[in-house]
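Asker: Return atomic coordinates for the entry below.
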Amino acid sequence: MQNLNDSRRKFIKKSSLGAAGVTIGAMGFPASSYARIIGSNDRINIGFLGCGARSGGHQIMVEASAKKKNLNVVSVCDIWKVNKEKAAANCKKMFGTDVKQFKYSEDMLEMKDLDAVMIGTGDHQHAKLLAEVVGAGKDCYCEKPMATDVEDAKLARNAVLATSQVVQLGSQWLSDPMQLKVRDIIRSGRLGQITKIEQVWNDNDHRWHVPNDPDVAAIREEDTDWNRWLLGKPYVPFDARKYFEFRIFRDYSGGITSQWMSHGAGLVHFYTDTDIPDTMVANGGIFGWPDIRQNPDTFQALSTYDDEKFSYSYASNYANKFGDHTCIRGKDGTLFAAGGEGSPRWFFIPEHQNIPGGFDFYGGMKEAVKSGKAEIVTTEEYDMKVGPVYLSDNMPFHLDNWVDCMRNRDLVPNGHIHTGFWHSIASIMATQAYREGKKLYWDRESEKIVDHR
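Answerer: Reported below is the predicted structural model:
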């Protein structure tokens, strides 16, 4: 958390003061019930909360770092017994241990030898479960988005700030060495004044809807706990599609905004040392995949950061994949990444070269680099070579950053609780602007989304 601008410092100070009155964790756990202090050589015992597809990625991440970081898995928790049993069998195969199995999180959190929890549940469940985990005195890795509504975002933030727990939000690109290098370039001033950041991240697939999903066919209401899954959302009859495909339903996710844009906005804040956009407009629709989805498959949002004087444009189209890129435009130079979410294929192009039409980034970039009109952005971790256009969600850097911070509690994770609050508010604003067809504003004093300045 270095080189923060004044508005960001004020925000953190305000957030910390706002949480000072919080004395109990959510779900009834006292904030005084802290876990043991983890020593530099102690084995860290991890439990998985929510054992669906994303948790499978968490297990891969832990397996990759288990030996070098001295990690152990001791428990799995899922309200659907099939997921729970599959996860336990997978952990036996990966780690060679018989883990304890739990249906309910509060039972798992009573384990004295459990140090940390990785949350991989539905979008609308993250915030409340994060508050529960830290309230029980456990460190936490929580998938993004941290929250899908403002009050839940405040709940999670205040609960974390009321404890000494180490929390990493699952915006994994924040620990990628290439993205750190991009931030360093921006901080150096080489781009000059930044006036616009563009992200265009696409796919050509009916995202998050699987017509013949075997899990949808297999699950029975009596094998899970539907009320617990709803976790405060209005009651509706059990629906297996909503259970597994929550990202396409309005009550449980914003879809594109909660998933990809939360990553995108988080990176913008990371690059520019900003927090929450001041204004937001959005549009789109269900154009390419008119199936059962309620959230758009084609979407665009435009926001502004008024103090820093730049705009942020985010777009996704799920019916055409061509042209994924990120572009950071400054008066003295441009940073351009070919590829979608988290792409490390970055180039720096100095401004004032009078290049008609810019570059052909798909065919002429080698010549541009060779002629000195552009530079490859790279790091030692990438062998000082141009990066690929795709990285796995399960790369080790972000998990390792969390583990290092658990061992040295003076360090702050790259995806700390404030970054989670900021990306949540940005994505919530975009969801609401799309649904209401309004230009929206963030009121920093009241911490509310409003439709006027």
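Asker: Spell out the secondary structure type for the nearest residue to residue 103 once chain neighbours are set aside.
Answerer: Nearest residue to residue 103, sequence neighbours excluded (Cβ to Cβ, 6 or more residues apart in numbering): residue 79, at 5.7 Å. Yep, even glycine has a C-beta here, placed from its N, CA and C like the rest. Three-state call for residue 79 (DSSP: H, G, I helix; E, B strand; the rest coil): coil.
Asker: Just give me the neighbour total for residue 79.
Answerer: Using other Cβ atoms under 10 Å, residue 79 has 21 other residues around it.
Asker: Check it and give its pLDDT.
Answerer: pLDDT recorded at residue 79 is 98.
Asker: Next up, phi/psi of it, please.
Answerer: Residue 79 has phi and psi values of phi -80, psi -20 when expressed as degrees, to the nearest 10.
Asker: buried sites along stretch 90-100?
Answerer: 90-91, 95, 99-100 (16 or more other Cβ atoms under 10 Å).
Asker: so can I have a markdown table of those residues showing pLDDT and secondary structure?
Answerer: Below are these laid out as a markdown table (pLDDT from 0 to 100; DSSP: H, G, I helix; E, B strand; the rest coil):
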| residue | pLDDT | secondary structure |
| --- | --- | --- |
| 90 | 97 | helix |
| 91 | 97 | helix |
| 95 | 95 | helix |
| 99 | 98 | coil |
| 100 | 98 | strand |
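Asker: Residue 433: which of these is nearest?
Answerer: Among those, residue 90 lies closest to residue 433 (Cβ to Cβ), at 40.1 Å.
Asker: Just to check, that closest one is in contact with residue 59?
Answerer: Yes: the pair residue 90 and residue 59 passes the contact test of Cβ atoms under 8 Å, sitting 6.1 Å apart.
Asker: ok, the buried residues of stretch 90-100 vs residue 402, which is closest?
Answerer: Distances from residue 402 to the buried residues of stretch 90-100, taken as Cβ to Cβ, are shortest for residue 95 (18.0 Å).
Asker: distance of that closest one from residue 422?
Answerer: Look at residue 95 and residue 422: by Cβ to Cβ, to the nearest Å, they are 34 Å apart.
Asker: immediately after the helix ranked longest in the chain, which helix or strand?
Answerer: Criterion DSSP state H: the longest helix present in the chain is helix 417-436. Using DSSP states H and E, the helix or strand that follows helix 417-436 towards the C-terminus is strand 440-443.
Asker: partners of that next one, with directions?
Answerer: Partners of strand 440-443 in the sheet, by DSSP bridges, are strand 279-285 (antiparallel), strand 448-450 (antiparallel).
Asker: Buried deepest among those strands, which one?
Answerer: Among the strands paired with strand 440-443, ranked by average contacts under mean count of other Cβ atoms under 10 Å, first place goes to strand 279-285 (a mean of 19).
Asker: got the contact list for that one?
Answerer: 256-257, 296-304, 306, 426, 429-431, 433-434, 437-442 (Cβ atoms under 8 Å, 6 or more residues apart in numbering).
Asker: Give me the buried entries from those.
Answerer: 256-257, 296-304, 426, 429-431, 433-434, 438, 440-442.
Asker: which other helices and strands contact the helix or strand where residue 327 lies?
Answerer: Using DSSP H and E, residue 327 sits within strand 325-330. Counting contacts by 3 or more Cβ pairs under 8 Å, 6 or more residues apart in numbering; DSSP states H and E, strand 325-330 is packed against helix 177-188, strand 194-200, strand 333-338.
Asker: Give the pairing partners of the second one; include direction for each.
Answerer: Paired strands of strand 194-200, with direction, are strand 310-317 (parallel), strand 325-330 (antiparallel) (DSSP bridges).
Asker: what does the shortest one give?
Answerer: According to DSSP bridges, the neighbouring strands of strand 333-338, each with its direction, are strand 325-330 (antiparallel), strand 346-350 (antiparallel).
Asker: could you show me where the helices are in the stretch 251-400 of the chain, in order?
Answerer: 256, 262-272, 365-370, 397-407 (DSSP state H, counting those that start in this stretch).
Asker: What lies in contact with the last one?
Answerer: When contacts are defined by Cβ under 8 Å, 6+ apart, helix 397-407 is touched by residues 38-40, 42, 44, 61-62, 64-65, 69, 71, 115-116, 139, 141, 166, 168, 170-177, 411-415.
Asker: Pull out the buried positions in stretch 370-384.
Answerer: Buried positions in stretch 370-384, judged by neighbour count with 16+ other Cβ under 10 Å: 373-379, 382.
Asker: Kindly report the same for stretch 409-423.
Answerer: In stretch 409-423, counting by 16+ other Cβ under 10 Å, buried: 412-423.
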